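**Q** Sharing a model that was predicted from the sequence below.
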Amino acid sequence: MIKAIWHNTQIAQTEQFETVEGNRYFPPDALDMRYFRASETHTVCPWKGTASYYDIVVNGQVNKDAAWYYPTTKPAASNITGYVGFWRGVQVLETATS
């Protein structure tokens with residue numbers, strides 16, 4: 001099980017995830033969408049494709065472009081299509097499952 005936390009608030013949690021280049025990617029249904037706001041930012045990865053971003057908003061605090069995802073991917077990254085990664089101070093923690 002992994003979870004994403006920002007400002008002491010759990011913003012995502014899942015038992016099913018993908019790891020690519022050291023980043024844990026969460027499936028879209030693992031996100032608590034109350035904390036996510038679409039961003040206009042896009043970047044391009046040569047082998048994954050074009051990434052879109054979310055701002056994370058917790059208690060009025062905004063972490064701009066702190067989550068990214070690939071709405072469509074190139075074939076080599078098809079396992080993370082739609083999955084969300086985090087950075088910019090978002091903690092991704094692994095927890096034991098019982």
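**A** Perfect, thanks for sending it.

**Q** When you work out contacts or count neighbours from here on, use the C-alpha atoms and nothing else.
**A** Will do.

**Q** residues making contact with stretch 28-35?
**A** Stretch 28-35 is contacted from outside by 11-14, 56-58, 82-84, using Cα atoms under 8 Å, 6 or more residues apart in numbering.

**Q** Return the subset of these lying in strands.
**A** 11-14, 56-58, 84 (DSSP state E).

**Q** between the residues you listed, which is nearest residue 27?
**A** Nearest to residue 27 out of these is residue 84 (Cα to Cα; 6.4 Å).

**Q** how many neighbours does the closest one have?
**A** 27 (other Cα atoms under 10 Å).

**Q** Residue 47 contacts residue 76, correct?
**A** Yes. The pair residue 47 and residue 76 qualifies as a contact (Cα atoms under 8 Å) at a distance of 6.8 Å.

**Q** Could you dump the ones in strands among the contacts of stretch 28-35 into a markdown table with distance to residue 71 and pLDDT added?
**A** A markdown table is the format used below for the ones in strands among the contacts of stretch 28-35 (distance: Cα to Cα, whole Å; pLDDT from 0 to 100):
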| residue | distance to residue 71 | pLDDT |
| --- | --- | --- |
| 11 | 20 | 98 |
| 12 | 18 | 98 |
| 13 | 20 | 98 |
| 14 | 19 | 98 |
| 56 | 18 | 98 |
| 57 | 21 | 98 |
| 58 | 24 | 98 |
| 84 | 10 | 98 |
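
**Q** Highest neighbour count among those?
**A** Result: residue 84 is most packed of the ones in strands among the contacts of stretch 28-35 (other Cα under 10 Å), 27 neighbours.

**Q** what residues are up against that residue?
**A** 25-28, 67-70.

**Q** Cross those against strands and list the overlap.
**A** 25, 67-69.

**Q** Narrow those residues to just the buried residues.
**A** Taking 16 or more other Cα atoms under 10 Å as the criterion, what is buried in those is 25, 67-69.

**Q** List just the nearest of those to residue 36.
**A** Closest to residue 36, out of all of these and judged by Cα to Cα, is residue 67, at 8.5 Å.

**Q** Isn't that closest one up against residue 57?
**A** No. Residue 67 is not in contact with residue 57 according to Cα under 8 Å; the separation is 11.0 Å.

**Q** Under the pLDDT cut-off, which ranges of the chain? List them.
**A** Applying pLDDT under 70 to the chain flags residues 97-98.
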